[in-house]
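>>> have a look at this prediction, sequence included:
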Amino acid sequence: MNVIKNKYERIKNLPVFKLPRDFGYNAFSYLVLGIFMGVGIAVQYYTQGPIETETLVAVVIGTIIMGGFLTIFPLWITVIQFLILSWVGMYAKAGGSFYPLYSFIAAGLVFSPAFQLVQHWDKVVILRFGKFRKARGPGLFMLFPIIDRVTAFVDTRIRATDFSAEKTLTMDTVPVHVDALCFWMVWDAKKSVLEVENFIEAVVLSAQTALRDGIGKHELADLLSEREHIGKEIQQILDAKTNPWGISILSVEITDIIIPRELEDAMSKRAQAERERQSRVILGSAEVEVAEKFEQAAKRYKDNPTALHLRAMNMIYEGIKKHGSIMLLPSTALESMSLGTVMGALALGKEKGIVPKGKAAGAADSEEDGNVGEDNGE
C-alpha cells in the first residue's frame with residue numbers, strides 16, 4: 001500500500017473525479033416528460049376510470065423527483081433503475097391497475113433525455129455503442145435512447161487562460177517569476193475530446209512548460225525588453241503541439257516579470273547613474289558650443305571697436321533694466337565707450353533737426369544711466 005501511495009504522490013496532476021454524464025437533462029426534457037405524464041393520466045382515466053387525488057399527487061411528485069435526479073445524475077443507467085423501481089412499486093402497491101399511466105411515464109423517462117439542446121457556441125461529441133458517431137450542434141437534436149451518449153459539451157469560443165512560471169532561471173542564471181496570458185480556441189471538438197483526456201489541463205501544462213523553456217533561452221535583459229518577441233516564440237511552439245488536439249493557440253502575452261528585490265535595487269541604481277552620466281555629457285557639450293560661439297563673437301568684435309562699445313552699452317542697459325539695481329563699472333570701461341562723445345553728437349543732431357527728439361531723449365536717458373554708472377565706478 002505504501003508503495004502505491006508513494007507512486008501516486010509523485011504525480012502532481014492526478015485526475016480529479018468528475019461525475020460522468022450520458023446526456024444533458026434540460027428544460028425541454030422536462031417538457032417532454034410532462035407531456036408523456038399528462039397523456040398517461042388521460043389514458044388511465046378513459047381506460048381504468050378516475051384516479052384518486054392522493055394517488056395522482058403521489059405519481060406527479062414522484063415523476064418530478066425522478067426528473068430532478070436525472071438532472072443531477074444524467075446517466076442511462078439511472079433511467080433504467082427508475083424504470084425498474086417504478087414498475088416494481090406499482091405492482092407491489094396497486095397490482096398492475098395503473099399500467100397505462102406507468103407505461104407513458106416510463107416512455108417519458110426514456111425519451112425525455114433524448115432531446116438535446118446545444119447552445120450556439122457549443123459542440124457535442126456523440127458516441128454510439130462506445131464508438132464515435134458524430135459531432136453535433138448547435139440547436140435541437142435527438143439521441144437514440146440507451147445506445148447514444150454525449151461525452152462532452154465543448155465551448156468553441158476564444159478562451160483566455162492565465163498561467164505562470166515560478167522561480168525559473170534565465171540564461172544568465174537570474175531567478176524570475178513570470179506571469180503570462182494565453183488566448184486559444186477549440187476548432188475541432190472531436191479531436192479535443194478523443195485525442196486528449198483533459199484538453200484544458202493539457203493546454204495549461206503545455207503552456208507552462210513552453211514558458212519555462214522560453215525563459216531559459218533568453219537573458220534577463222532580453223526577457224524585459226523583448227516580451228512580444230518571446231511571447232510569439234512560445235505561441236508558435238505551443239500551437240504546433242496543440243494542433244493535433246484540434247486546438248489553436250492564438251497568442252501568448254507576458255503580463256508580468258518579477259525579479260529578486262536586491263537585483264531590482266541594483267538595476268534601479270544603475271539606471272539612475274546612467275541618467276546622471278547622460279545629463280553631464282549634455283551639459284559639457286553645451287559648454288563647448290557656448291565657448292565656440294564666444295570665440296566667434298570675439299573675432300568679430302576684434303576688428304570693430306564701435307560694435308564692441310555698442311554691445312557693452314547694451315549689456316549695461318539690459319542689466320540695469322532687468323534687475324533694477326546699480327551696476328558698478330570701472331571708469332576706464334566708460335571712457336573706452338566714449339559715452340560723452342556719443343551724447344554730444346546726439347544733442348548736436350537734435351539742435352540741427354537731424355535726430356528726432358524721441359531718439360535724443362532716449363540718448364539722454366542713456367547718458368544719465370552712463371553717468372550713474374560712472375559715478376558709482378568712481
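Perfect, I can see it now.
>>> quick check, residue 127 in a strand?
Yes: under DSSP: H, G, I helix; E, B strand; the rest coil, residue 127 sits within a strand.
>>> contacts only, for residue 191.
With contacts taken as C-beta atoms under 8 Å, 6 or more residues apart in numbering, residue 191 has the following neighbours: 244, 245, 246, 247. The way it works is simple: take the backbone N, C-alpha and C, and place the C-beta from them, glycine included.
>>> any chance of these in CSV, plus secondary structure, pLDDT and distance to residue 37?
What follows is the contacts of residue 191, written out as CSV (DSSP: H, G, I helix; E, B strand; the rest coil; pLDDT from 0 to 100; distance: C-beta to C-beta, whole Å):
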residue, secondary structure, pLDDT, distance to residue 37
244, helix, 93, 47
245, helix, 93, 43
246, coil, 93, 41
247, strand, 94, 43
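>>> looking at the residues you listed, which is nearest residue 24?
Of all these, residue 24 sits closest to residue 246, with 21.2 Å by C-beta to C-beta.
>>> residues near the closest one, how many?
When neighbours are defined as other C-beta atoms under 10 Å, residue 246 has 21 of them.
>>> just to check, it is in contact with residue 195?
Yes: with contacts counted by C-beta atoms under 8 Å, residue 246 reaches residue 195, the gap being 7.0 Å.
>>> now residue 50, what are its backbone angles?
phi -60, psi 150 (degrees, to the nearest 10).
>>> one more: residue 214?
Here is the backbone geometry of residue 214 (degrees, to the nearest 10): phi -60, psi -40.
>>> tell me the spacing between it and residue 208.
11 Å (C-beta to C-beta, to the nearest Å).
>>> check residue 94 too.
To residue 208, residue 94 is 62 Å away according to C-beta to C-beta.
>>> pick out whichever of the two has more residues nearby.
Neighbour totals were compared for residue 94 and residue 208, and residue 208 leads with 17 against 13 (other C-beta under 10 Å).
>>> leaving out chain neighbours, which residue sits closest to the more buried one?
Leaving aside its sequence neighbours, residue 208 sits nearest to residue 163 (C-beta to C-beta, 6 or more residues apart in numbering; 5.2 Å).
>>> neighbouring strands - and their directions - for the helix or strand harbouring that neighbour?
According to DSSP states H and E, residue 163 maps onto strand 159-169. Using DSSP bridges, the strands paired with strand 159-169 are strand 175-186 (antiparallel).
>>> how about the strand it pairs with: buried residues?
If you call a residue buried by 16 or more other C-beta atoms under 10 Å, then strand 175-186 has these buried ones: 176, 178, 179, 180, 181, 182, 184, 186.
>>> residue 242 touches residue 249, doesn't it?
Yes: between residue 242 and residue 249 there is a contact under C-beta under 8 Å: 5.9 Å.
>>> any low-confidence regions in the stretch 251-378 of the chain?
Across the stretch 251-378 of the chain, the ranges flagged by pLDDT under 70 are 320-378.
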